[in-house]
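S.K.: One predicted model, sequence on top.
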Amino acid sequence: PWDDITPAISPDGQNVAFSSNRNGYWDIYLLDLNTSDITRLTDTLEYEAAPTWSPDNQWLAYEAYFNGDLEIWIQSVVTKEQTIQLTNNPAADFSPAWSPDGRRIVFVSNRSGEDEVWLADLDKSEELRYVNVSQNPSNEDTHPVWSPDGESLVWVGEQDGMRQLILMGLPPTGGTNITPTATQEHQVGSGDWPVWSTDGEIILTSLESPNRVYLTAYRTHYPGLALPALELPGPVHGISWGKVESTAPLQAIYQQAAQLTPTPLYAPVLTALPSDNGERYQLSQLVGVQAPQPYLHDMTDESYAALRTRIITDAGWDFLSTLENAYVPLTAPLDPGMGNDWLYTGRAFALNNLPINAGWLLVTREDFGSETYWRVYVRPLYQDGSAGIPLHDQPWDFNSRNNGNTTTYEQGGAELAAIPSGYWIDFTDRARAYGWERLPALTTWRASYPAARFNEFALMDGLDWQTAMLDIYPPETMITPSPIVPPTRTLTPTPLFFVTPTPTSTPTPRPTFTPIQTTPTLPPAAPDLLQTLTPTPGG
């Protein structure tokens, strides 16, 4: 019924600070590991999360959402009324990490135009306190964490779809030159949410793929994996590593958790397979859903109904009551490049994208290597902090490709300059919990809006497209001859009676050359008859 996120083990190993919405709103709580008692530290209607401990266990720094902006706050653990606002900037400041010496706090801010790692020196005045540590405009840097000795930082740097753990050495407290250099900064490996071991030898991190999350670890002093990638059952919202004594209450909690069997989110109910169609699956109608063909595969309709109910509960409105597409028959052609789309299998649906124009739907771009994916956020009906969380990333604006800027046109849009205010529900994470996976954008998405496929989700169940098609179609339907493009005919213009024909010049025949008569050749002179007569003998 509630979510607990962003845990942080205290330096003495006695408490765990975390954020939870168990009372309806996101607040900071303390879990006593000796008694298993839970104490509510903050009590507001706003969002507070991502706590980090001071080395003396007396203070917590955390991100808080007030007046439409994320800022870093500091609060006493002993006296709840003692609070200090550390940052006050129109940009978003979040994800703090307190240094082991207690005099510095690093955090993520987009005050330079994109997410970068900043450092706040608590011994300096407001004007000189903040310094950009990462200083890499080509990267988006998030989740900074201090090493146990306070001499290094590791954070996630994303560039060209690759998320790398970047480790950088820092000067001691009071040092002024913190500009990263080639010798100070190097990559450890791929990851998304790092945390150090207590001895500083290993960095544990989550590792995300488009629809899966893994846990892995790297060694810090020489290359190599300390932990092969292990798939996790769901998304990661924080990791903490610390020294904790194994107490009796903690052991009892472990035993209780091991005995729990999670209740399935849904159970497929199959229609009897008729024998006259080769026992292929049926299509089930989606009740109360508007779509060109409101049907889905019989194995997926219960999952869709359960997801729809979950979104109604979380968002306060029926977002999935209208779809751009559900099942698409083979006789209905889709856009170019979508000939083998999952909508044909009955195992996919395409969200209605009209709410994006009304400001009730946002997408953020996530690149994984050469492939582009999208994360979909839905705006809850009630914006009092009881549903959703504030956005931490800049959404993608598809409409900006039509603003006359050639650069944004060729890129298929651009990120919004400012993060929209309010609370938002991560639809992509919720859909994944019910088995629905997002699909990558086609390679033509920058030039074709439908090719982005940001609104399409499929429940594949480990099947490839061909096998999924054979679930509902006979094999002979899939065996089709290759299309042959007919020859292009030459168009003949249609004569119009009211248009005067354009005169066509006819070339005049050239006169034929008459040869000059040659001088006739005179025949030879007539022979002399007298000379030719032969005398008669005896004459």
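M.R.: Structure received. Numbering: from 1, shown residues only.
S.K.: In the stretch 101-250 of the chain, what residue spans correspond to strands?
M.R.: 104-109, 116-121, 130-132, 140-146, 152-159, 162-169, 185-190, 193-196, 202-208, 213-219, 225-231 (DSSP state E, counting those that start in this stretch).
S.K.: The stretch 301-450 of the chain now?
M.R.: 323-325, 348-351, 361-368, 371-378, 389-390, 396-397, 414-415, 423-426, 437-438.
S.K.: which stretches of the stretch 51-200 of the chain have low pLDDT?
M.R.: When residues are selected by pLDDT under 70, those of the stretch 51-200 of the chain lie in 172-183.
S.K.: do the chain as well
M.R.: Per-residue confidence of the chain (counting by pLDDT under 70) places the weak regions at 172-183, 246, 273-278, 480-539.
S.K.: Okay, domains of it per the record?
M.R.: Taking automatic domain parsing as the domain assignment, the record places the domains of the chain at 4-251, 275-478.
S.K.: what are the ranges of the helices in the stretch 301-450 of the chain?
M.R.: Using DSSP state H, counting those that start in this stretch, the helices of the stretch 301-450 of the chain run over 301-315, 355-358, 406-410, 427-433.
S.K.: Of those, which is nearest Glu48?
M.R.: If you check each of the helices of the stretch 301-450 of the chain against Glu48 by Cβ to Cβ, helix 301-315 wins as the nearest, at 19.4 Å. All C-beta atoms are positioned from the backbone trio N, CA, C, and that covers glycine.
S.K.: What is the closest one packed up against?
M.R.: Of the remaining helices and strands, those touching helix 301-315 by 3 or more Cβ pairs under 8 Å, 6 or more residues apart in numbering; DSSP states H and E are strand 423-426, helix 427-433.
S.K.: follow-up on the earlier one: so for Gln383, which of the helices of the stretch 301-450 of the chain sits nearest?
M.R.: Shortest separation from Gln383 across the helices of the stretch 301-450 of the chain is recorded for helix 301-315, at 11.2 Å, computed as Cβ to Cβ.
S.K.: which residues are in contact with the closest one?
M.R.: 265-269, 284, 286-287, 289, 296, 318-321, 349, 378-381, 387-388, 425, 427, 430-431, 434-436, 459 (Cβ atoms under 8 Å, 6 or more residues apart in numbering).
S.K.: likewise stretch 63-80?
M.R.: Residues outside stretch 63-80 that contact it (Cβ under 8 Å, 6+ apart) are 28, 30, 41-42, 44, 46-50, 57-62, 82-90, 92-96, 105, 107, 120, 385, 390, 392, 421-422.
S.K.: What about the residues you listed, which are in helices?
M.R.: The subset of those located in helices under the criterion DSSP state H is empty.
S.K.: Pull out the buried members of those.
M.R.: Applying 16 or more other Cβ atoms under 10 Å to the contacts of stretch 63-80, the neighbour count classes 28, 30, 41-42, 46-50, 59-62, 86-87, 92-96, 105, 107, 120, 385, 390, 392, 422 as buried.
S.K.: Just the ones of the residues you listed in strands?
M.R.: When those are checked against strands using DSSP state E, the ones located there are 28, 30, 47-50, 59-62, 93-96, 105, 107, 120, 390.
S.K.: and Leu207, which of the helices of the stretch 301-450 of the chain is closest to it?
M.R.: Minimum separation from Leu207 across the helices of the stretch 301-450 of the chain (Cβ to Cβ) falls at helix 427-433, 15.8 Å.
S.K.: Kindly format the C-alpha coordinates of the closest one as PDB.
M.R.: Once side chains and other backbone atoms are set aside, the C-alpha atoms of helix 427-433 remain, and they are given as PDB (Å, rounded to 0.1, in the frame of the first residue of the first chain):
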ATOM      1  CA  PHE A 427       3.800   5.100 -16.000                       C
ATOM      2  CA  THR A 428       6.700   3.100 -17.500                       C
ATOM      3  CA  ASP A 429       7.700   1.500 -14.200                       C
ATOM      4  CA  ARG A 430       4.100   0.700 -13.300                       C
ATOM      5  CA  ALA A 431       3.500  -0.900 -16.700                       C
ATOM      6  CA  ARG A 432       6.700  -3.000 -16.300                       C
ATOM      7  CA  ALA A 433       5.400  -4.400 -13.000                       C
END
